[in-house]
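Chemist: Give me the fold of what follows.
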Amino acid sequence: MKTWQRSLMVLFALLALFGGAAYAQAPGTPSVEFPYTGNRTAVWIVAQLHILFAGFILGAPIFVVISEWLGYRKQDPRYDRLAKEVTKVTVILYSMTALTGGLFIFVLLATYPQFTTWLINHFFMVFAVIYPLLFIGETIVLYMYFYTWDAWKGNKKARHIALGVLLNLIGSITLFVIDGPTSFMNTPVKAEGVSPAEFLATATIWDKMFNYSWMPLNLHRLVGNVTFGGFVAGLIAAYMYMGATKDEERSYYDWMGFVGNMIGVGALLFLPFMGYLLAYELCDYDASICPYMMADQLSMFFEMQGAMIGLIFLASNYYIWLSMKRIEGVEKVRMTILAPIVMVALPIVMTKVLTDYPAPDPKSLMFLLPMLLAPAVLGRFIPITVSSRTVIKIGFLMVVVGNAIWMTPHGFVPTGAKLVAELELPSDWNFLALMPAKNSAAFTLVFVTVVNYIIYNRAVTQGTIVWGKIDYASQFVLIFLAFSAIWTMGLMGAVRSLLRKYFHTYNLLPDFTAESFTPTLAYSAWWITGITVVFYAVVSFAIVVTLRASHPKDHAHEGEPVPAGAK
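Modeler: Coordinates of the predicted model:
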C-alpha cells in the first residue's frame, strides 16, 4: 500500500471518529489510566509529536516553492534539486503526521472523554467537516505536486509552481482553522458584563474561533514552522554532506546547508516579535497570566527559553563565521566602524529609551531609528573601517551579552511567591529584569545577525567561494541548530498549554484530576528531550531512506571554485 493511500485511510478514520465522537459516548464513560506516564503526560507526548510533524509539513512547502521558483527564474538546477529532495522527505513524513494525529485523538478520547466531547460539540463543523476536507485537499495536492515534478518541466514549470502555491494556501488555511480550538482553550470568548459561560451559550463558531490569541498564534506558528523547516533542510544537507563521497555532492550539500540555515535564521529573526505579540494578547485577555508566565510558576521555563534562543543565535552566527572561511579574498572585506559601535551601544541605549518612552510611544523611534540606520547612511562618509572578522568577533560577544540580559531574573527563586528582599536583584541592576531590557536584548541578537549576514553577502560579491570546502564542524552546527529548534518548540508549546493552570479551557472548564498541577522544569525538560529524540530519529530515518538510498543522476556541478553568485 502506498504512502498516500495509508494517509487517506487514516484521514477517513478520523472523519468517522470526529463525526460520531460527540454523540457516541455513553454518559459517565470512565477514562483510562496510562501507567508510568499518567494521562496528561501521555496526551502531551502524542500531541507534541503530532505538532512537530505537522509543523514541518506545513513549513517546508513554503520554502520549497520559493526555492523552485528561484530555480526557474535563475535557471539554476540546484534550487530545483533542493526543492525536490525536501519534498521527498515531506511526503514520507506526511503519513506520520496523519498517524500521530489519529493516535492523538484516540488517546485524548480515552483519557479525557468528557472534555473531548465538550470541545468537539463546540467546534463540530471544524472537526467533522472543515478540517478533514482541508486535510484531504492538502493530501491530494501534495501528492499531485510531488508526482508531477518531472512531467511538468520546461513550459509547464509555471503550472507546477502554481500547484505548489495552492498547496501552501491550503496548508496555511488548515493551520488557521485548527488554531481556532487550540487558542480557544487559552483565551475563550468573553464579553463585557456577561460571564464567559453565558456568552459561550449564544456565541457563533466564528466568535469562538476569532478569540484574543487566535491571530497571534497563527502568525507565531506560521513563522515558527518556516524556521523549523529551514533548520530541518539544513539537517538534511548535513547528513548528506557527511555521507558524500564525491566533490560535486559535497559541493551541492554545502550549498544546500547554507540555504537551509539562511531560511531558518531569516524566519527566526521575526520569531521573537511574533512571540511578544502572542504574549501581549494573552496578558491583555487576563492580566494575571503575565506574572504567572514571567515571574512565577513558569519563570524558569522562560529562563530555559532564553538559554536556547541564545544558543541558536550564537550557533547561527558561528556558522556564518565558518562559511566566511571558504571564501577566498574575504580579508579584503571591511565595514564602517559605526557597525560595531552600534552593536555595543544598542542594548544600553535601547534600554534607556524604552524605559523613558515605552513602546509604542513614537518618541522611542525618534532616537532608535537614526542609531540603527547610522552605519548604512553615515558609514560611507566615515573613512575609518574595520575588518569583517573583527565585526563578527564583536558580534559573538554581543550575542552573549544580549542573551545574558535576556536571562537575568528579577529574583533568584523559582517562583515569585517565595521572593524576599535578600533574593531580589540589587536595586542598581533591577532594570535588567524589566521588559525594556529584555526587548533590547532580543533586538540586539537580531541586529547582530543581520549585520553578519550583510558582511557575508559582501564577501560573496567581492570574493571567490569554493562550495564543498567548508569546515567539517559546520555540519555539526547544522545538526545542533535543528535539534535546538525542535527542543525549543517543545518547551514553548508546554508553556502555552500550562498557562491554562488547572483548567482544560481557561476559566470555563476546570480540570479536577490529580494531574492538574504545573510540573517542574526538570520534569518537563526530560519529556521534551525524549519527544525531540523520537522525532529526530524518525526524521533522520526518513532522510537516510529517502535520499541516501537513491542516487540522482542529474546534478548541478559546483565542484570547482567559481565567482560567488555565479550560476
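
Chemist: and the helix or strand hosting residue 199, what other elements does it pack with?
Modeler: Here residue 199, judged by DSSP states H and E, is contained in helix 196-202. Identification of packing neighbours for helix 196-202 by 3 or more Cβ pairs under 8 Å, 6 or more residues apart in numbering; DSSP states H and E yields no helix or strand. C-beta: built from backbone N, CA, C; applies to glycine.

Chemist: Give me the contact list for it.
Modeler: Residues from elsewhere that reach helix 196-202, judged by Cβ atoms under 8 Å, 6 or more residues apart in numbering: 122, 188-191, 208, 507-508.

Chemist: Just the buried residues of these.
Modeler: 122, 188-190, 208, 507-508 (16 or more other Cβ atoms under 10 Å).

Chemist: With respect to residue 214, which of the residues you listed is nearest?
Modeler: residue 208 (9.3 Å; Cβ to Cβ).

Chemist: show me the residues around that closest one that make contact.
Modeler: 122-123, 180-181, 184, 188-189, 200.

Chemist: Tell me which two in these are the farthest apart.
Modeler: Spanning the widest gap among the contacts of residue 208 are 180 and 200, at 14.1 Å by Cβ to Cβ.

Chemist: about what we covered before: next SSE downstream of the helix holding residue 199?
Modeler: In the C-terminal direction, the helix or strand that comes right after helix 196-202 (DSSP H and E) is helix 205-209.

Chemist: centre of the chain versus that next one, how much separation?
Modeler: The offset between the C-alpha centroid of helix 205-209 and the centroid of the whole chain comes to 26 Å, using Cα atoms, centre = their mean, to the nearest Å.

Chemist: and if you look at stretch 359-371?
Modeler: What separates the centre of stretch 359-371 from the centre of its chain is 28 Å, taken as Cα atoms, centre = their mean.

Chemist: Residues in contact with it: which ones?
Modeler: Everything outside stretch 359-371 that qualifies as a contact, by Cβ under 8 Å, 6+ apart, is 342, 345-346, 349-350, 353-354, 357-358, 439.

Chemist: So which of those residues are in helices?
Modeler: Using DSSP state H, the members of the contacts of stretch 359-371 that fall within helices are 342, 345-346, 349-350, 353-354, 439.

Chemist: is it possible to export those to a markdown table including neighbour count?
Modeler: Putting the ones in helices among the contacts of stretch 359-371 into a markdown table (neighbours: other Cβ atoms under 10 Å) gives the following:
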| residue | neighbour count |
| --- | --- |
| 342 | 22 |
| 345 | 11 |
| 346 | 22 |
| 349 | 15 |
| 350 | 23 |
| 353 | 21 |
| 354 | 22 |
| 439 | 21 |
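
Chemist: ok, the residue most central in space within the chain - contacts?
Modeler: Here the mean C-alpha position of the chain is nearest to the C-alpha of residue 224 (Cα atoms, centre = their mean), at a distance of 2.4 Å. Listed by Cβ under 8 Å, 6+ apart, the contact partners of residue 224 are 55, 59, 267, 271, 274, 489.

Chemist: so which helix or strand takes in the third one?
Modeler: When secondary structure is defined using DSSP H and E, the element that contains residue 267 is helix 247-268.

Chemist: Now do the buried residues in that helix.
Modeler: With burial defined by 16+ other Cβ under 10 Å, the residues of helix 247-268 counted as buried are 248-268.

Chemist: just for the stretch 301-450 of the chain, where's the confidence low?
Modeler: For the stretch 301-450 of the chain, applying pLDDT under 70 flags the ranges 413-419.

Chemist: Ignore what I typed, I meant the chain.
Modeler: For the chain, counting by pLDDT under 70, the residues that fall below are 1-31, 413-419, 548-567.

Chemist: Show me the strands in it, by range?
Modeler: With DSSP state E as the criterion, the chain has strands at 327-328, 334-336, 385-387, 464-465, 503-505, 509-510, 562-563.

Chemist: helices and strands around the second one, which ones?
Modeler: To tie it back to what came earlier, the one meant is strand 334-336. Other elements packing on strand 334-336 under the criterion 3+ Cβ pairs under 8 Å, 6+ apart are strand 385-387, helix 388-407, helix 435-462.

Chemist: Adjacent strands (with direction) for it?
Modeler: Strands that pair with strand 334-336, judged by DSSP bridges, come out as strand 385-387 (antiparallel).

Chemist: cool, and the fifth one?
Modeler: For strand 503-505, the pairing partners within the sheet under DSSP bridges are strand 509-510 (antiparallel).

Chemist: how much distance is there from the partner strand to the middle of the chain?
Modeler: With Cα atoms, centre = their mean, you get 30 Å for strand 509-510.

Chemist: picking that back up, would JSON lines of the helices and strands packed on strand 334-336 with distance to residue 475 be doable?
Modeler: As requested, these are exported to JSON lines (distance: least, Cβ to Cβ, whole Å):
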{"stretch": "strand 385-387", "distance to residue 475": "27"}
{"stretch": "helix 388-407", "distance to residue 475": "20"}
{"stretch": "helix 435-462", "distance to residue 475": "18"}
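
Chemist: Show me the one of the ones you listed that comes nearest residue 174.
Modeler: The nearest among those, by Cβ to Cβ, is helix 435-462 at 29.5 Å.

Chemist: and the residue lying closest to residue 166 once chain neighbours are set aside, how many neighbours?
Modeler: Closest residue to residue 166 apart from its sequence neighbours, by Cβ to Cβ, 6 or more residues apart in numbering: residue 141 at 5.8 Å. Residue crowding around residue 141 was assessed by other Cβ atoms under 10 Å; the count is 19.

Chemist: Now do the same contact list for residue 141.
Modeler: Applying Cβ under 8 Å, 6+ apart, one finds that residue 141 lies in contact with 163, 166-167, 170.

Chemist: Out of those residues, who's the most crowded?
Modeler: Ranked by neighbours (other Cβ under 10 Å), these are led by residue 167, which has 23 neighbours.

Chemist: Enumerate every residue touching that residue.
Modeler: Applying Cβ under 8 Å, 6+ apart as the definition, the contact partners of residue 167 turn out to be 61, 65, 138, 141-142, 145.

Chemist: And it, how far from residue 136?
Modeler: 13 Å (Cβ to Cβ, to the nearest Å).

Chemist: What of residue 214?
Modeler: The value you get for residue 214 to residue 136, if Cβ to Cβ is used, is 24 Å.

Chemist: Quick check on these two: which one has the bigger neighbour count.
Modeler: Neighbour tally, residue 214 and residue 136, criterion other Cβ under 10 Å: the higher count belongs to residue 214, 21 against 16.

Chemist: hang on, that one packs against residue 183?
Modeler: Yes - with contacts defined as Cβ atoms under 8 Å, residue 214 counts as touching residue 183 at a distance of 4.3 Å.

Chemist: quick revisit: need the ones in helices among the contacts of stretch 359-371 in CSV (columns: distance to residue 127).
Modeler: Output for these, formatted as CSV (distance: Cβ to Cβ, whole Å):
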residue, distance to residue 127
342, 51
345, 52
346, 47
349, 50
350, 45
353, 47
354, 43
439, 38
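
Chemist: Tell me the one among those residues nearest to residue 297.
Modeler: When those are compared for distance to residue 297 (Cβ to Cβ), residue 439 wins out at 23.0 Å.

Chemist: Please flag which of the contacts of residue 224 sit within helices.
Modeler: Within those, membership in helices is found for 55, 59, 267, 271, 274, 489, as judged by DSSP H.

Chemist: Compare those and tell me which is most surrounded.
Modeler: Sorting those by how many neighbours each has (other Cβ under 10 Å) puts residue 59 first, at 30 neighbours.
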